[in-house]
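after the sequence you'll find the predicted model.
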Number of protein chains: 2
Amino acid sequence: MSKIWFEDFKPGSVTEYGPRAITREEILSFAAEFDPQPMHLDEEAARQTMLGGLSASGWHTCCLVMRMIADGFILNSSSMGANAVDEVKWHAPVRPDDSLTVRATVLDTRPSRSRPGMGIVSMQFEVFNGSNVRVMTMKTPLLMGLREPDAAS
Amino acid sequence: MSKIWFEDFKPGSVTEYGPRAITREEILSFAAEFDPQPMHLDEEAARQTMLGGLSASGWHTCCLVMRMIADGFILNSSSMGANAVDEVKWHAPVRPDDSLTVRATVLDTRPSRSRPGMGIVSMQFEVFNGSNVRVMTMKTPLLMGLREPDAAS
């Protein structure tokens, strides 16, 4: 696969990554380390919450998205990271043994004004479970190196 | 400590949580699992990036904030979770052996219109390292149970 640069991202283009399974053990272990709330740690207590049963920490889902897009394209790109997330929404619970996929849509691209050689790729990530329920959405501006820095100036 | 309810959050009030140290081993281990980009995994490769040296995944910092606020007040509150994050900004790198603290400011509170008994507490979390450099900010609406549901209607 040839390396992906800023110029390769076209507004409106859609790609998909995953699937990635999430186990009960992973949910419990992540929650014990980072988010020890009852709905992420304990089956019985979780049933009494708004989520109605054991579900992954929303941060866990974010981290799995990061891993899926890293493997999917970031590690094969001129990515320089990201310095912000514009919005995260958790629409539905992520349950043990869910299989997650990510649909990535390019919203907008523009060369950076302050940093020559860099561009901003605004992306939306939608996360679906195995029943095609949208469990999470996220918008984030990725910083990408330009293949031809001089062409943008 | 008596349990904290929606009514106890006052706009403008500020509380602080932490400190929480982050080690090189934790940075590497988190990155290997969730965010295997060079700047989070490899000292030498990290020096060639915009971050200028090994630094924690931004998602790792988010997760540590979650843990600090869980221990700080969420687990002792009527929290029902959160269904969104309005904004995350990573301002400066988090380095091995940094000591992180969180300053939490209540931006706004309002009873939920759609769910009686629940209120929304909009909070800003600012994360500082041991040198008092602000490394991250985040805004998020927390869902909190009301102590006196009937008084709000």
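Everything's here; your move. Since the model is a prediction, treat every value here as computed from it, not as a measurement.

point out where chain A drops to low pLDDT.
Where chain A drops to pLDDT under 70, the residues are A:1, A:152-153.

what about the helices in it?
A:24-34, A:38-41, A:43-47, A:58-72 (DSSP state H).

does chain B have contacts with stretch A:67-76?
Yes. Contact of stretch A:67-76 with chain B (CB under 8 Å from any CB of the partner chain) involves A:67, A:70, A:74, A:75. Placement of C-beta: from N, CA and C, glycine included.

grab the nearest non-local neighbour of residue A:49.
residue A:39 (4.3 Å; CB to CB, 6 or more residues apart in numbering or on different chains).

ok, the one you found touching residue A:55?
Yes. With contact defined as CB atoms under 8 Å, residue A:39 and residue A:55 form a contacting pair (5.8 Å).

return the residues of chain A in contact with chain B.
Going by CB under 8 Å from any CB, the residues of chain A near chain B are A:33-37, A:39, A:49-51, A:57-59, A:62-64, A:66-67, A:70, A:74-75, A:79-91, A:143.

which among the residues of stretch A:67-76 next to chain B end up buried?
With burial judged by 16 or more other CB atoms under 10 Å in any protein chain shown, the buried subset of the residues of stretch A:67-76 next to chain B is A:67, A:70, A:74.

tell me if I'm right that the first one and residue B:31 touch.
No. Counting by CB under 8 Å, residue A:67 stays clear of residue B:31, with 10.1 Å between them.

contacting residues around the most centrally placed residue in chain A?
Chain A has residue A:65 as the residue nearest its centroid, 3.3 Å off, counting by CA atoms, centre = their mean. Neighbour list for residue A:65: A:100, A:102, A:125, A:127, A:136, A:138 [criterion: CB atoms under 8 Å, 6 or more residues apart in numbering or on different chains].

run the last query once more with 10 Å
By CB atoms under 10 Å, 6 or more residues apart in numbering or on different chains, the residues touching residue A:65 are A:17-18, A:20, A:72, A:88, A:100, A:102, A:104, A:125-127, A:136, A:138, A:140, B:34, B:59.

and for residue A:151?
Residue A:151 neighbours (CB under 10 Å, 6+ apart): A:7, A:111.

again with residue A:122
A:9, A:11, A:86, A:105-110, A:139-142.

about what we covered before: just the contacts of residue A:65: which are in strands?
Members of those lying in strands (criterion: DSSP state E): A:17-18, A:20, A:88, A:100, A:102, A:104, A:125-127, A:136, A:138, A:140.

from these, pick the one nearest chain B.
When those are ranked by distance to chain B (CB to the nearest CB), residue A:88 comes first, at 4.1 Å.

mutual contacts of residue A:39 and residue A:55, please.
Residues within reach of residue A:39 and of residue A:55 at once, by CB under 10 Å, 6+ apart, are A:31, A:46, A:49, A:93, B:81.

now, of these, which are buried?
Buried among the shared contacts of residue A:39 and residue A:55 (16+ other CB under 10 Å): A:31, A:46, A:49, A:93, B:81.

need the residues you listed in JSON lines (columns: distance to residue B:116).
JSON lines is the format used below for those (distance: CB to CB, whole Å):
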{"residue": "A:31", "distance to residue B:116": "29"}
{"residue": "A:46", "distance to residue B:116": "22"}
{"residue": "A:49", "distance to residue B:116": "17"}
{"residue": "A:93", "distance to residue B:116": "22"}
{"residue": "B:81", "distance to residue B:116": "17"}
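
what is the nearest of these to residue A:4?
residue A:93 (33.1 Å; CB to CB).

ok, now which ones touch the closest one?
With CB under 10 Å, 6+ apart, residue A:93 has these contacts: A:39-40, A:46, A:49-56, A:58, A:61, A:129, A:133, A:135, B:81.

what do you get for residue A:19?
Contacts of residue A:19 by CB under 10 Å, 6+ apart are A:68, A:98, A:99, A:100, A:101, A:102, A:128, A:129, A:130.

if we go to 8 Å?
A:99, A:100, A:101, A:130.
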